[in-house]
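K.L.:
Have a look; sequence and predicted model below, questions after that.
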Amino acid sequence: MSQVYLTFDREIEQEIYYKELREPIGTRRADFVVEGKVLVELKALKELEDVHLAQVLNYLKAYRLEVALLFNFGSKSLQFKRLVL
C-alpha cells in the first residue's frame with residue numbers, strides 16, 4: 001500500500017477590513033488549509049452552535065475557498081460538518 005501525503009498550512013493569518021477603511025482592524029486565523037483547497041476548523045465545545053458555522057462561512061469567503069470541514073471534539077461523540085459556499 002502506497003502512502004499519500006497532503007500538503008497543509010496551519011494557522012494562516014488573514015487581515016480583517018471594515019467597509020472602506022484602508023487599514024485592517026484585526027486578523028483572523030484558520031486552523032488548517034489543506035492542499036490550498038479545503039479549510040479545516042477544529043473546536044472543543046460541548047455543542048456546535050450557529051455562530052461557529054457562521055465563523056467558518058466567513059473564513060471561506062475571506063480565504064476565497066469553497067469547502068470547509070468543521071470538527072468538534074468536545075462533545076460526547078465527534079461532531080463534524082461539511083460546509084460549501
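P.N.:
Now that the structure is in, tell me what you want to look at. Residues are numbered from 1 along each chain as shown.

K.L.:
Give me the pLDDT for the residue most central in space within the chain.
P.N.:
For the chain, Glu41 is the residue whose C-alpha lies nearest the centre (C-alpha atoms, centre = their mean; 4.0 Å). On pLDDT, Glu41 comes in at 96.

K.L.:
can you tell me how far it sits from Asn72?
P.N.:
9 Å (C-beta to C-beta, to the nearest Å). C-beta coordinates here come from the backbone N, C-alpha and C atoms, glycine included.

K.L.:
what do those two both touch?
P.N.:
Each of His52 lies in contact with both Glu41 and Asn72 under the rule C-beta atoms under 8 Å, 6 or more residues apart in numbering.

K.L.:
mind listing the helices for the chain?
P.N.:
50-63 (DSSP state H).

K.L.:
can you give me the strands in it?
P.N.:
Applying DSSP state E to the chain gives strands spanning 8-16, 26-34, 38-43, 67-72, 79-84.

K.L.:
Report the buried residues of the third one.
P.N.:
It stands for strand 38-43. Using 16 or more other C-beta atoms under 10 Å as the test for burial, strand 38-43 gives Val38, Leu39, Val40, Glu41, Lys43.

K.L.:
can you pull up the bridge partners for the fourth one?
P.N.:
Spelled out, it's Glu41. Leu70 (DSSP bridges).

K.L.:
For it, list the residues it contacts.
P.N.:
Ala30, Asp31, Phe32, His52, Gln55, Val56, Tyr59, Ala68, Leu69, Leu70, Phe71.

K.L.:
Kindly report the same for the second one.
P.N.:
Neighbouring residues of Leu39 by C-beta under 8 Å, 6+ apart: Ala30, Phe32, Val33, Val56, Tyr59, Leu60, Tyr63, Leu65, Val67, Ala68, Leu69.

K.L.:
and the residue lying closest to Lys43 once chain neighbours are set aside, how many neighbours?
P.N.:
Computed as C-beta to C-beta, 6 or more residues apart in numbering, the closest residue to Lys43 that is not its neighbour in sequence is Asn72, at 4.5 Å. The number of residues packed near Asn72 is 19, by other C-beta atoms under 10 Å.

K.L.:
now do Lys61
P.N.:
With other C-beta under 10 Å as criterion, Lys61 counts 9.
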